[in-house]
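Engineer: next comes the sequence, and after it the predicted model I'd like to discuss.
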Amino acid sequence: MHENEISKIIVDCAFRVHNELGPGLLESVYEEVLSYELKKKGLNIERQKGISVNYDNLKMELGFRADIIVENKVIIELKSIEEIAPVHSKQLLTYLRLTGCKLGLLINFNEALIKDGIRRIVNNL
């Protein structure tokens, strides 16, 4: 399945979760419920996956944790905050570069309309 097809399913699931639960909950709640919805769609997901970082001759076994990785192709970075800052998009782009993934979705569930809380970040897609 191509990244764009996966992303459409993710966005549909995010809409479903937001319509049912609304804004204002903890990020961990949205992660749990979105993961559940993605699994129901038959997608392979990994939650809080530790990603190593290599720098020069230094290898850090745990450089960061990805919130959700779908089909080993799309990284979802979840937020439940007042406002997305520019650094959040840059952070996700760094995650994409370090993992070799080409597509990331930054989803802030703390929006009145979820469409205003979804940002698509690409890395050579």
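Structural biologist: All right, it came through fine. Keep in mind that this is a model prediction, so the values were computed, not measured.

Engineer: pull the distance from the longest helix belonging to the chain to the chain's centre.
Structural biologist: Of all segments of type helix in the chain, defined using DSSP state H, the longest is helix 3-21. With C-alpha atoms, centre = their mean, to the nearest Å as the basis, helix 3-21 stands 11 Å off its chain's centre.

Engineer: and it, what's buried?
Structural biologist: Using 16 or more other C-beta atoms under 10 Å as the burial criterion, the residues of helix 3-21 that qualify are 3, 6-7, 9-11, 13-14, 17-18. (Each C-beta comes from the backbone N, C-alpha and C, glycine too.)

Engineer: with stretch 86-93 instead?
Structural biologist: Across stretch 86-93, burial judged by 16+ other C-beta under 10 Å covers 88-89, 91-92.

Engineer: spatially central residue in the chain, please.
Structural biologist: Most central in the chain under C-alpha atoms, centre = their mean is residue 76, positioned 0.8 Å from the mean C-alpha point.

Engineer: circling back to that earlier point, closest to residue 61 out of the buried residues of stretch 86-93?
Structural biologist: Proximity to residue 61 was ranked across these by C-beta to C-beta; first place goes to residue 91, at 19.7 Å.

Engineer: contacting residues for the residue nearest to the centre of the chain?
Structural biologist: Residues near residue 76 by C-beta atoms under 8 Å, 6 or more residues apart in numbering: 10, 34, 66-70, 104-105, 107.

Engineer: pLDDT and secondary structure added to those residues, as CSV?
Structural biologist: Shown next, in CSV, are the contacts of residue 76 (pLDDT from 0 to 100; DSSP: H, G, I helix; E, B strand; the rest coil):
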residue, pLDDT, secondary structure
10, 98, helix
34, 98, helix
66, 94, strand
67, 96, strand
68, 98, strand
69, 97, strand
70, 98, strand
104, 98, strand
105, 98, strand
107, 98, strand
